[in-house]
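A.B. asks: After the sequence you'll find the predicted model.
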Amino acid sequence: MSRIGKKEILIPDKVKVDLQGKTIMVAGPKGTLEFTHHPAVSVAVDGSCVNVSRSSDSKTTRALHGLTRALINNMVLGVSAGFGRNLEIVGVGYRAEMKGKNMQLLLGFSHPVMIIPPPGITLAVDGNTKISVKGCDKQLVGEVAAKIRSLRPPEPYKGKGIRYEGEVVRRKAGKTAA
């Protein structure tokens, strides 16, 4: 039995879970999320908790059991508390600023880069070098943060670029003068 899959998911007070066939809808104060689970896994809503069970003990079904439980738990956490990812910009002249709901990045290119957030994602800039990505969908928050980081990933010689908060960049020694 999957150790993660057999745990039940507790539903907070302000969150509503609705099950229609294979589709699970979770609504809360931060938003609404929807997920269609695999037919090999069954989901049951019992009052204030959600239980996930599987039909067989094949390897793929065991993997789907834990995965489905983790995805539903992330949906419940996302609509109640939300998820966030913080980024830091390091480098002379590199900065970010908000233009309405969009974010403009100056990263040493010949042109500014405009980031338009998808629905459900909010971007914020603290100072000129701290970027905050927030939303209720954990996967979408991580994807937007990764796209922003991929515009100018940290380079190993001077450490310039966009990095996650707390990310350690391994530095290389440059050429030594002769």
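C.D. replies: Arrived safely, thanks for sending.
A.B. asks: Leaving out chain neighbours, which residue sits closest to T122?
C.D. replies: K134 (5.0 Å; C-beta to C-beta, 6 or more residues apart in numbering). All C-beta spots, glycine's among them, are computed from the backbone N, C-alpha and C.
A.B. asks: what's the longest strand along the chain packed up against?
C.D. replies: Ordering each strand of the chain by length in residues (DSSP state E) puts strand 83-90 first. Helices and strands touching strand 83-90, by 3 or more C-beta pairs under 8 Å, 6 or more residues apart in numbering; DSSP states H and E, are strand 130-135, helix 138-151, strand 161-164.
A.B. asks: now for the longest one, which elements pack on it?
C.D. replies: Right, helix 138-151. With 3+ C-beta pairs under 8 Å, 6+ apart as the test, helix 138-151 has helix 59-80, strand 83-90, strand 113-115, strand 121-126, strand 130-135, strand 161-164 packed against it.
A.B. asks: Any chance of a markdown table for the ones you listed, columns mean pLDDT, mean neighbour count and distance to L10?
C.D. replies: Output for the helices and strands packed on helix 138-151, formatted as a markdown table (pLDDT from 0 to 100; neighbours: other C-beta atoms under 10 Å; distance: least, C-beta to C-beta, whole Å):
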| stretch | mean pLDDT | mean neighbour count | distance to L10 |
| --- | --- | --- | --- |
| helix 59-80 | 93 | 19 | 8 |
| strand 83-90 | 96 | 18 | 18 |
| strand 113-115 | 95 | 14 | 36 |
| strand 121-126 | 95 | 16 | 26 |
| strand 130-135 | 96 | 20 | 22 |
| strand 161-164 | 96 | 19 | 30 |
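A.B. asks: hey, what's T36 bridged with?
C.D. replies: Residues in a beta bridge with T36, per DSSP bridges, are T23.
A.B. asks: can you check S42 too?
C.D. replies: S53.
A.B. asks: Surely it touches V52?
C.D. replies: Yes. Contact criterion C-beta atoms under 8 Å: S42 and V52 qualify, at 7.4 Å.
A.B. asks: Please say which of those two ends up with more neighbours.
C.D. replies: V52 (26 against 15; other C-beta atoms under 10 Å).
A.B. asks: mind giving me JSON lines with the helices and strands packed on helix 138-151 and columns for distance to I11?
C.D. replies: Below are the helices and strands packed on helix 138-151 laid out as JSON lines (distance: least, C-beta to C-beta, whole Å):
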{"stretch": "helix 59-80", "distance to I11": "6"}
{"stretch": "strand 83-90", "distance to I11": "18"}
{"stretch": "strand 113-115", "distance to I11": "34"}
{"stretch": "strand 121-126", "distance to I11": "24"}
{"stretch": "strand 130-135", "distance to I11": "20"}
{"stretch": "strand 161-164", "distance to I11": "31"}
